[in-house]
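A.B. asks: 3D model of this:
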Amino acid sequence: MTGYNYDAFSTDDYDFERAAGPEVGRKAPDFKLETSDGEIRNLLEFEGDFLVLELGSITCPLFQSRRGVMSPLSQEFPNVSSAVLYVREAHPGAGIQGHKTFADKRACARRLKEEDGETRLVYVDDFQGTAHKAYGSMPNAVYIINKNGCVVYKAEWNNPGATRSALKSLITGKPIRAKSYFRPARPATVHKTLRRAGKGAAGDFFKGLPFLFWTNVIKRNLRLVFNRPLPVSADTKC
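C.D. replies: From the prediction side, this is the model:
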């Protein structure tokens, strides 16, 4: 295990076997964070009935492949707020390196807004990844948090279809049946993201790919087949 802001991706930097972060029905951790626009805000100060919080970085192919579906959720569901928690670079390279300072991290978060056109509010986690660790440390997890500050949906890997289905169930008062099966990123997005990250990113990614495929596409998806979503509602208290 290397330092939190690693210079090169390794599967040793993540615990893919153990679910971490707040569980469904538990209180969501709150943090005072800087946004990409320079404001200081509390993570859980949101408008509407729910906050959809997605974790990501510009060097994460999974996050980049899901943004086009996740960004418009607030327009589709007017009583829902959406935000991104910007975490460490998932696949740093010579072009976009692992963060050496908080200023590096903030600069990458601003690139997400300015260059990639991200429309959601972007919170920048601190340099040590305090919020990221509290929310499980995965590179592209997603949480739905209700107005009571309780986690009502959690996925260690964001599957936008499942996230949208869970959100719709919560709004309509129906049980959540959606399961966030792991879906790989589109190859074109993988190529574009790793090429942008620069030399070293692709090599590190493909070196770990067999392990990632086994632990996520095979083992994790099989476990989900037998999992039953916990009973929660829009008004769940914790």
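A.B. asks: where do the strands sit along this protein?
C.D. replies: 32-35, 40-42, 50-56, 80-86, 121-124, 142-146, 151-155 (DSSP state E).
A.B. asks: Out of these, the one nearest Asp235 is which?
C.D. replies: Among the strands of the chain, strand 142-146 comes nearest to Asp235, with 7.2 Å by C-beta to C-beta. Backbone N, C-alpha and C define where each C-beta goes, glycine included.
A.B. asks: now what about the closest one, what contacts it?
C.D. replies: Strand 142-146 is contacted from outside by 21-22, 28, 44, 46, 49-55, 70, 135, 151-155, 158, 163, 166-167, 170, 180, 234-236, using C-beta atoms under 8 Å, 6 or more residues apart in numbering.
A.B. asks: Can you give the strand pairings for it, parallel or anti for each?
C.D. replies: Strand 142-146 pairs in its sheet with strand 50-56 (antiparallel), strand 151-155 (antiparallel), by DSSP bridges.
A.B. asks: mind putting these in a markdown table, mean pLDDT included?
C.D. replies: A markdown table is the format used below for the strands paired with strand 142-146 (pLDDT from 0 to 100):
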| stretch | mean pLDDT |
| --- | --- |
| strand 50-56 | 98 |
| strand 151-155 | 97 |
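A.B. asks: would you turn those into JSON lines with mean neighbour count and distance to Val190?
C.D. replies: Below are the strands paired with strand 142-146 laid out as JSON lines (neighbours: other C-beta atoms under 10 Å; distance: least, C-beta to C-beta, whole Å):
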{"stretch": "strand 50-56", "mean neighbour count": "25", "distance to Val190": "15"}
{"stretch": "strand 151-155", "mean neighbour count": "24", "distance to Val190": "20"}
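A.B. asks: wait, which of these is closest to Ala131?
C.D. replies: strand 50-56 (9.0 Å).
A.B. asks: Next, the angle from that closest one to strand 80-86.
C.D. replies: Relative orientation of strand 50-56 versus strand 80-86 (axes from the mean of the first three to the mean of the last three C-alpha atoms, to 10 degrees): 20 degrees.
A.B. asks: Point out where the chain drops to low pLDDT.
C.D. replies: Applying pLDDT under 70 to the chain picks out residues 1-2.
A.B. asks: Residue nearest the middle of it, spatially speaking?
C.D. replies: Leu55 (2.3 Å; C-alpha atoms, centre = their mean).
A.B. asks: isn't Arg41 right next to Asp30, touching?
C.D. replies: No. Using C-beta atoms under 8 Å, Arg41 makes no contact with Asp30, being 10.6 Å away.
A.B. asks: all helices for this structure, in order.
C.D. replies: 61-70, 73-76, 102-114, 130-134, 160-172, 187-197, 201-212, 221-226 (DSSP state H).
A.B. asks: Need the winner for burial among the ones you listed.
C.D. replies: For the helices of the chain, average neighbour numbers computed from mean count of other C-beta atoms under 10 Å are highest in helix 61-70, which has a mean of 21.
A.B. asks: what sits up against it?
C.D. replies: 52, 54-58, 82, 90-91, 116, 118, 120, 139-140, 142, 157-158, 160-161, 163-164, 184-186, 189-190, 192-194, 205.
A.B. asks: can you do 6 Å?
C.D. replies: Helix 61-70 has contacts (C-beta atoms under 6 Å, 6 or more residues apart in numbering) with Glu54, Gly56, Asn140, Asn158, Pro160, Ala185, Arg186, Thr189, Val190, Thr193.
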